[in-house]
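Peer 1: no sequence for this one, just the structure:
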């Protein structure tokens, strides 16, 4: 299977996974919150963020190892790939043991800093069960992810992930509706982690028999991991502090409200990331084998990526508020807001504009050169969030995230364009300006029309109309400004049909 076909398969399966994940992610939290209440949903989200903070111990291993594998894979050096894989395995095991040590004091301290009055044994059980599941995943399983990503076999991982999602969902529904037991609900993560470990171990032997697990890795030293850690820790602060601040200063109900709004944009971001993940390893190989071809491919990818980002968020801004109305109708708190949809979308939109540049810097291994952008963003984010959370709660932490992202994104884009791609910033400015036109129109329309829905059927009808209108607008944009790209896409589609006909 050549790289183009594999990239197409990667994107298709990843999109399917993200769609299934988004659907399940909408269903499970809804029934979980309706059954156990917003306070327990806030606790669930808070524990998730705590696990994210503890995962900092594993930061840098995956990204640095994947980047280190690109060159030996392109050269067919299986011995070097095996050595890097074994080095990665050793690093995850070492950090996994430290993770378990850190989990113990966290389990003791957290019950006393959560604002709401909940049984201590519930909070402790949440942390231990989720912590052990995370330890199993990182110590025994994540090393396989690195190999599949670097070798451009993302689709295998996501087929496994789809199966695990469906399996875990079935267990979650049993815990919610039949057992009605919140501890049983938390056990699902551990069961799923153990099963995934077994499945990926077997698949690794099938797909990569050339990678040996006893190859000497004593000479492997991925020094860039330290630089990756700095950026990823900063990213942790950026992505994870909002809910912890809300839990500490405003209460778990505010955390629950934030999580519902955030889930929608994160879900859309996951669909967008499917395109990124599908082409990442293929572009990594091209970067080291044919740089000029990489630049051409990157330009097309960036255009399509920006088009997809603005397209999805244009639809989202129209259907966000009516969705929240229907989704939270039976929940025990007021989740409605006119301004939350716009500010959450703007937060993620500004972040997504830098993703192509992050891909470029990661592939090139320029972790050290851009790490301080991430650190400064984290400082800005945290400082503003702390200053505003007292009076503005959710809006306060969202503004902190938005301002921090608005600082880092242009700096990162400028660095990648100037120092790696050797192109002018006017290219990306034109793309953003063009795709921002329909998004701005949709934003204005969303406030003028104030769409409402009293059922999921009504919301679906609104969504279909919105999708059709937005699709027409973006098709027009592509035909006017990127006609060559459209013509090339149709030409490739015709070739594909002819091959299938033969």
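Peer 2: Received it, and whenever you're ready, just let me know what you need. Remember, it's a predicted structure, so these values are computed and weren't measured experimentally.
Peer 1: for residue 14, give me its contacts.
Peer 2: Each residue near residue 14 by C-beta atoms under 8 Å, 6 or more residues apart in numbering is listed here: 154-155, 158, 273-274, 277-278. Placement of C-beta: from N, CA and C, glycine included.
Peer 1: are any of the residues you listed buried, and if so which?
Peer 2: 154-155, 158, 273-274, 277-278 (16 or more other C-beta atoms under 10 Å).
Peer 1: pull the most distant pair out of these.
Peer 2: Maximum pairwise distance among the buried ones among the contacts of residue 14 (C-beta to C-beta): 14.6 Å, between 155 and 273.
Peer 1: pLDDT score for residue 273?
Peer 2: pLDDT for residue 273: 75.
Peer 1: over to residue 114?
Peer 2: pLDDT for residue 114: 74.
Peer 1: can you pull out the low-pLDDT segments for this structure?
Peer 2: 1-4, 115-116, 221, 278, 281, 492-493, 495-502 (pLDDT under 70).
Peer 1: report the central residue of it.
Peer 2: Taking C-alpha atoms, centre = their mean, the centroid of the chain lies closest to residue 270, which sits 5.1 Å from it.
Peer 1: and stretch 126-146, which residues are buried?
Peer 2: Neighbour-count burial for stretch 126-146, counted by 16+ other C-beta under 10 Å, picks out 126-146.
Peer 1: end to end, how far does that stretch reach?
Peer 2: Length of stretch 126-146, first residue to last, C-alpha to C-alpha, to the nearest Å: 28 Å.
Peer 1: number the chain from 468, please
Peer 2: Got it, first residue is 468 now, which makes that one stretch 593-613.
Peer 1: distance between it and the chain's centre?
Peer 2: Its chain's C-alpha centre and that of stretch 593-613 lie 18 Å apart, by C-alpha atoms, centre = their mean, to the nearest Å.
Peer 1: returning to what we had before: among the buried ones among the contacts of residue 481, name the ones in helices.
Peer 2: 621-622, 625, 740-741, 744-745 (DSSP state H).
Peer 1: residues touching the nearest residue to residue 703 once chain neighbours are set aside, list them.
Peer 2: Counting by C-beta to C-beta, 6 or more residues apart in numbering, residue 523 is the residue found nearest to residue 703 once chain neighbours are left out, at 5.7 Å. Residues in contact with residue 523 (C-beta under 8 Å, 6+ apart) are 696, 699-700, 703.
Peer 1: just the strands in the chain please.
Peer 2: With DSSP state E, there are no strands along the chain.
Peer 1: before we move on, the earlier item: the residue nearest to the centre of the chain reaches residue 488, doesn't it?
Peer 2: Yes. Proximity of residue 737 to residue 488 meets the contact threshold set by C-beta atoms under 8 Å, at 6.3 Å.
Peer 1: phi and psi next, for residue 681.
Peer 2: For residue 681, the backbone dihedrals (degrees, to the nearest 10) come out as phi -110, psi 10.
Peer 1: now it. Nearest residue, chain neighbours left out?
Peer 2: Closest to residue 681 by C-beta to C-beta, 6+ apart is residue 553, at 7.5 Å.
Peer 1: which residues sit in contact with that neighbour?
Peer 2: Counting by C-beta under 8 Å, 6+ apart, residue 553 has contacts 680-684, 687.
Peer 1: any chance of these in CSV, plus distance to residue 549?
Peer 2: What follows is those, written out as CSV (distance: C-beta to C-beta, whole Å):
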residue, distance to residue 549
680, 8
681, 8
682, 4
683, 9
684, 8
687, 10
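Peer 1: count the residues that sit near the nearest residue to residue 827 once chain neighbours are set aside.
Peer 2: Leaving aside its sequence neighbours, residue 827 sits nearest to residue 883 (C-beta to C-beta, 6+ apart; 4.5 Å). Counted with other C-beta atoms under 10 Å, the neighbours of residue 883 add up to 26.
Peer 1: just flag the most distant two among the contacts of residue 523.
Peer 2: Longest distance between any two of the contacts of residue 523 is 10.0 Å, between 696 and 703; criterion C-beta to C-beta.
Peer 1: overlap in contacts of those two?
Peer 2: 523, 526.
Peer 1: so who does the closest residue to residue 949 other than its chain neighbours touch?
Peer 2: Closest residue in space to residue 949, ignoring its immediate chain neighbours: residue 770 at 6.0 Å, by C-beta to C-beta, 6+ apart. Residues near residue 770 by C-beta under 8 Å, 6+ apart: 898, 949, 952.
Peer 1: wait, isn't the first one in contact with residue 769?
Peer 2: When you say that, I think you mean residue 898. Yes. At 6.8 Å, residue 898 counts as touching residue 769 under the criterion of C-beta under 8 Å.
Peer 1: all helices of the stretch 818-967 of the chain, in order?
Peer 2: In the stretch 818-967 of the chain, the helices defined using DSSP state H, counting those that start in this stretch lie at 822-831, 834-882, 893-916, 923-948, 950-968.
Peer 1: ditto for the stretch 668-817 of the chain
Peer 2: With DSSP H, counting those that start in this stretch as the criterion, the stretch 668-817 of the chain has helices at 692-716, 719-756, 758-794, 807-819.
Peer 1: ok, how many other residues are close to residue 617?
Peer 2: 25.
Peer 1: so what's it up against?
Peer 2: Contacts for residue 617 (C-beta under 8 Å, 6+ apart) come out as 532-533, 536-537, 540, 548, 748, 751.
Peer 1: please report the distance of residue 496 from residue 786.
Peer 2: Remark: distance between residue 496 and residue 786 (C-beta to C-beta, to the nearest Å) = 18 Å.
Peer 1: is it true that residue 755 touches residue 537?
Peer 2: Yes. The criterion here is C-beta under 8 Å, and residue 755 meets it with residue 537 at 5.9 Å.
Peer 1: pick out whichever of those two has more residues nearby.
Peer 2: More neighbours surround residue 537 than the other of residue 755 and residue 537, with 22 against 16 (other C-beta under 10 Å).
Peer 1: how many residues are close by residue 935?
Peer 2: Residues lying near residue 935 (other C-beta under 10 Å) number 11.
Peer 1: separation between it and residue 877?
Peer 2: From residue 935 to residue 877 the distance is 34 Å (C-beta to C-beta).
Peer 1: tell me the one of the ones in helices among the buried ones among the contacts of residue 481 nearest residue 873?
Peer 2: Distance to residue 873 across these (C-beta to C-beta) is lowest for residue 740, with 20.7 Å.
Peer 1: run a quick check on that closest one versus residue 488, I expect a contact.
Peer 2: No. With contact defined as C-beta under 8 Å, residue 740 does not reach residue 488; the gap is 11.0 Å.
Peer 1: one step back: quick one: the contacts of residue 770 as a markdown table, columns for distance to residue 691 too.
Peer 2: Below are these laid out as a markdown table (distance: C-beta to C-beta, whole Å):
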| residue | distance to residue 691 |
| --- | --- |
| 898 | 30 |
| 949 | 35 |
| 952 | 34 |
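Peer 1: most neighbours, which of those residues?
Peer 2: Sorting those by how many neighbours each has (other C-beta under 10 Å) puts residue 898 first, at 21 neighbours.
Peer 1: now that one. Nearest residue, chain neighbours left out?
Peer 2: Counting by C-beta to C-beta, 6+ apart, residue 773 is the residue found nearest to residue 898 once chain neighbours are left out, at 5.0 Å.
Peer 1: you'd agree that neighbour is up against residue 902?
Peer 2: Yes. The criterion here is C-beta under 8 Å, and residue 773 meets it with residue 902 at 5.4 Å.
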